[in-house]
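Q: Generate a structure from the sequence data that follows.
(chains A and B)
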Amino acid sequence: MSFLDTILGRDKPVKSKVDKLFGLTTCDVTMETALSMKPTNKAAISFRPVSTFDWGDLEKEIADLLEVSTHDSPLTWKWFTDEFEFKWVILEAKEFENLIATANMIGDELTDHGFGDQLLAAIVQYQDADANQVYLIYNYKRATFYPFVPDPAKTRERLNAEEFRISGTLAKELPIEKEVESWYPLWGVPL
Amino acid sequence: MQRRNWYGRDTGLQIRMAVTVFLLILTFLVFATIIAVMTKILVLLIIIPIVGLVIQYFASDKLVLLSTGAKEVTPQQAPQLHAIVERLAQLADLPKPRVAIIDSGMPNAFATGRNPKHAVIAVTSGLLNRLSPAEIEAVIGHEMTHIRNRDMIVMTMASSLLAVASWLTQMMMWMGFWGGFEERDSRDGGGAATLVIVLLVSALTWFVSYILVNALSRYREYAADRGSAILTGTPENLISALTRISNEMTRVPTQDLRQAQPMSAMYIAPPKREYISEVFADRPSLKHRVGRLQEMQQRMAGVG
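A: Predicted structure coming up:
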């Protein structure tokens, strides 16, 4: 944030970086070989809707786009609004690459409509050797990834050691978020 | 496809803020020049309130938390509030501020801390009890924008001139009362003349900077309202939060918050005070804030 922005009280949202999400497609080999974590081919994208905008049209446009892409590779999706009034598009694909490409496409579509800056995060689900859920979360504002491993035995607890193992292993391939304080959890995403 | 931003711009507000800052710096330069020409002893007198301000700035978060009785809470103690702060921090790309709760029935909130890394957002228990989650989020969005805009440092710097001028005016009156500068050229009354001029200059600077600092404070409130609307995408939530807070403010006595006078600049709603005109107020009126948010809402909906 520049000096002038400070003096004038900046009134722009922070820009989202939508295109870095593709980084995930190159690291799934490492995820599998080094960490024994397989993608479940489920992902979700969340954004903060703008109340004065008619989302019906945009939802329909996104649905049309998804409809087209299912011709190439099977894909299902659903909409979800969480308790904080953030909207989610939840995707399940047959192929991992198609999943990421589709997630990316939705980000582009929102950006085209001027709502790219409303994007909060993308979350991609993996499964470890013990069939526990492991997530990689993409922060659109910082264009970085971070792991999120909920403790299956407890509510709202995270397995930090496991998260550090993942971030350490992927650090060469993915831009990992360096500020651990920014590893915000996303609880209760119905993937 | 290039579309108009849904949140629009507020160029008028930015111009007014720039002019105000410019005038403040100008006032300061004129004031400092006159004081430096008139006397050298006074330079020393200027340093003392500035030191006070520096301390206030660096210790602001601790001082404010102490003076308001705010208690920091963990995510376990206030999961909902923490989650709201977390999401907005993420959207605003800011480090997550610390979260504190003040045990007070009056709904209110403020942000403090010298930079985003040291920021604290405090809300009263009254705010948590009486506002809906969406309204609380709007209020947090307002405070988050204060943090992002670094209003704490901007307003501290702006009010430092005000503090110096008011301190100097009082100092001069006190000196005049005790006989003025005797060591000076007292034979032809030069010492008394110096004193009177310095008194007049500081009083005038006090008055001018008072109006300018208050104007800047009001503009930054508008900017924070705007920031909240952009961050949450829902200006109407802030409108209903502000209206509700304001209604509560008129009913509940304000004595306990008035003692934290310098910090009222950071509150989302001021402890109730009556002003002759908005020129003398450090906070915009509810009517004007709601008006601006509604304008923004109309622009967003494409009808404005």
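Q: what's near enough to touch residue 163?
A: You didn't say which chain, so I picked chain A. Residues in contact with A:Glu163, defined by CB atoms under 8 Å, 6 or more residues apart in numbering or on different chains, are A:146-149, A:183. Yep, even glycine has a C-beta here, placed from its N, CA and C like the rest.
Q: that's the wrong chain, I meant chain B
A: B:Ala163 neighbours (CB under 8 Å, 6+ apart): B:49, B:52-53.
Q: out of those, which are buried?
A: The neighbour-count test (16 or more other CB atoms under 10 Å in any protein chain shown) marks B:49, B:53 as buried among these.
Q: Strands - which of the contacts of B:Ala163 land there?
A: Counting by DSSP state E, no part of these is found in strands.
Q: Can you lay out the contacts of B:Ala163 as TSV showing pLDDT?
A: TSV is the format used below for those (pLDDT from 0 to 100):
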residue	pLDDT
B:Pro49	70
B:Gly52	74
B:Leu53	76
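Q: Closest one of the contacts of B:Ala163 to B:Phe207?
A: B:Pro49 (17.2 Å; CB to CB).
Q: And that closest one, how far from chain A?
A: Remark: distance between B:Pro49 and chain A (CB to the nearest CB, to the nearest Å) = 23 Å.
Q: Kindly provide the whole-number mean pLDDT of the lengthiest helix in chain B.
A: For chain B, the helix with the greatest residue count under DSSP state H is helix B:190-232. Mean pLDDT, helix B:190-232: 88.
Q: Which secondary structure elements does it sit against?
A: When contacts are defined as 3 or more CB pairs under 8 Å, 6 or more residues apart in numbering or on different chains; DSSP states H and E, helix B:190-232 packs onto helix B:11-38, helix B:79-92, helix B:133-148, helix B:151-177, helix B:235-251, helix B:286-301.
Q: Which one of the contacts of A:Glu163 is nearest to chain B?
A: A:Trp183 (10.4 Å; CB to the nearest CB).
Q: So what's the predicted local confidence for that closest one?
A: 92.
Q: Counting neighbours, what do you get for it?
A: A:Trp183 has 19 neighbours, counted by other CB atoms under 10 Å in any protein chain shown.
Q: helix, strand or coil for the closest residue to it other than its chain neighbours?
A: Using CB to CB, 6 or more residues apart in numbering or on different chains and skipping the chain neighbours, the partner closest in space to A:Trp183 is A:Tyr146 (4.4 Å). On the three-state scheme (DSSP: H, G, I helix; E, B strand; the rest coil), A:Tyr146 is labelled strand.
Q: Would you mind finding the most buried of the helices and strands packed on helix B:190-232?
A: helix B:133-148 (a mean of 26; mean count of other CB atoms under 10 Å in any protein chain shown).
Q: ok and that helix relative to helix B:235-251, angle-wise?
A: Counting by axes from the mean of the first three to the mean of the last three CA atoms, to 10 degrees, helix B:133-148 lies at 90 degrees to helix B:235-251.
Q: What mean pLDDT does helix B:133-148 get?
A: 94.
Q: Which residue is the nearest non-sequential neighbour of residue 113?
A: With no chain named, the answer covers chain A. Nearest one to A:His113, counting by CB to CB, 6+ apart, is A:Leu58 at 5.8 Å.
Q: Chain B was what I was after
A: Nearest one to B:Gly113, counting by CB to CB, 6+ apart, is B:Ala119 at 3.7 Å.
Q: ok, now A:Asn104?
A: A:Leu21 (5.0 Å).
Q: roughly how far apart are the one you found and chain B?
A: Distance from A:Leu21 to chain B, by CB to the nearest CB: 16 Å.
Q: ok, that residue - contacts?
A: The contact partners of A:Leu21, by CB under 8 Å, 6+ apart, come to A:100, A:103-104, A:107, A:122, A:138.
Q: swap in B:Gly52?
A: Contacts of B:Gly52 (CB under 8 Å, 6+ apart): B:Ala163.
Q: Repeat that for A:Asp82.
A: A:Asp82 neighbours (CB under 8 Å, 6+ apart): A:46, A:88, A:188-189.
Q: Neighbour-wise, which one of those leads?
A: A:Ser46 (23 neighbours).
Q: how about it, secondary structure?
A: strand.
Q: okay, now B:Ile55: neighbour count?
A: Using other CB under 10 Å: B:Ile55 sits among 11 other residues.
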